[in-house]
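Asker: model this:
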Amino acid sequence: MKINYKYSFIILLLINLSFGAYLIPCILTDKQILLPAEKNYRTSNIISLKSTLKGINKDSLSIRFPYNSYLESSNFQDAKSIQKDLLFLDSLVGDKMMVRGIISVILTDSLYNHSFSSTDNSNLDSLNYRLQWAEKFKFYGEADKMSENQLLFQSIYDFWLRKISKNLSEYSENNTKAKFNFQYRYLTAKCNEKRYNVSVKVSSLEKVIQNILGNNWAHLFEASWNQASLMQKIIISILLITTLVCYVFTFKNFISSKK
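Answerer: Numbering: from 1, shown residues only. A predicted model of the protein is given here:
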């Protein structure tokens, strides 16, 4: 039975078009968007710890500290305000590690529970705002001469980078097209660059495409073969043989038509 190479070519073309139909929409929707600017906080919204904590001692500091008021103020937005508050608290209670323990809790768990709702966890703008704020603490720590402050700023930086990278991983789990979003890829790259790796969910089809584009044929075949059942292996073998025969007849008929 003579096989027309033109029909074989059409079949192979349809297969390629199927892959293209999946990839092209993803490429077209990959639009770069402007990332939100960093939030500006009013400098007037400052809490005076000196007047608020007047008359307290070391034993009552953790109880009487104005946690909510502090988190709603702009005191914690920059290093100078934090350093000023730390100096005052040091002079008030005389225990540097205790003071930094309280401030650490305020700017990590307390801040997370106070102003970082479940909606913020899945909102890329909110994650970007928090990343912009948190990554400054690494530089704060490097610039501060006091070792206690260096430890404090590093712990705050580490806490938020771990939280943000985890939230980005969860965002990928709940949004299958997240990897094609420019803002998501930007935040993921920032975290990965700082070695707080984000786990991005990849579908089985996308893994196949990635291996094809990367020419990882051996890995692709091994992974597919090891995960396949006996029936699937039989079907794969039939498809491979059919494809090979199709190519052979296509090439043979193509050569014959040129004579």
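Asker: Tell me which residues touch the nearest residue to Trp160 once chain neighbours are set aside, please.
Answerer: Spatial nearest neighbour of Trp160, excluding adjacent residues (Cβ to Cβ, 6 or more residues apart in numbering): Ala134 at 3.5 Å. Using the backbone N, CA and C atoms, a C-beta is placed for each residue, glycine as well. Neighbour list for Ala134: 156-157, 160-161, 164 [criterion: Cβ atoms under 8 Å, 6 or more residues apart in numbering].
Asker: Likewise for Asn68?
Answerer: His114.
Asker: what helix or strand is it on?
Answerer: In this structure, Asn68 sits in helix 67-71 according to DSSP states H and E.
Asker: immediately after that helix, which helix or strand?
Answerer: Assigned by DSSP H and E, the successor of helix 67-71 is helix 79-93.
Asker: still on that earlier bit, quick one: buried residues of the helix holding Asn68?
Answerer: 70-71 (16 or more other Cβ atoms under 10 Å).
Asker: now the helices for the stretch 101-250 of the chain?
Answerer: 111-115, 118-121, 124-134, 136-143, 147-174, 182-193, 204-213, 217-227, 230-258 (DSSP state H, counting those that start in this stretch).
Asker: Lowest mean pLDDT across those, which one is that?
Answerer: Here the lowest mean pLDDT among the helices of the stretch 101-250 of the chain goes to helix 204-213, at a mean of 52.
Asker: Count the neighbours of the closest residue to Leu71 other than its chain neighbours for me.
Answerer: Sequence neighbours aside, His114 is the residue nearest to Leu71 in space, at 4.9 Å (criterion: Cβ to Cβ, 6+ apart). Neighbourhood size, His114 [other Cβ atoms under 10 Å]: 14.
Asker: how much space is there between His114 and Pro66?
Answerer: Distance of His114 to Pro66, computed by Cβ to Cβ, to the nearest Å: 13 Å.
Asker: same deal with Ala79?
Answerer: 21 Å.
Asker: Need the nearest residue in space to Thr52, chain neighbours excluded.
Answerer: Counting by Cβ to Cβ, 6+ apart, the residue nearest Thr52 is Pro66, at 5.3 Å.
Asker: Give me the average confidence score over the helix holding Asn68.
Answerer: So the average pLDDT for helix 67-71 ends up being 89.
Asker: How many residues are close by Arg185?
Answerer: Neighbours around Arg185, by other Cβ under 10 Å: 16.
Asker: contacting residues for it?
Answerer: Counting by Cβ under 8 Å, 6+ apart, Arg185 has contacts Lys179.
Asker: Distance check, it against Leu131.
Answerer: 14 Å.
Asker: cool, Ser74 as well?
Answerer: Taken as Cβ to Cβ, the span from Ser74 to Leu131 is 19 Å.
Asker: Good, wrapping up.
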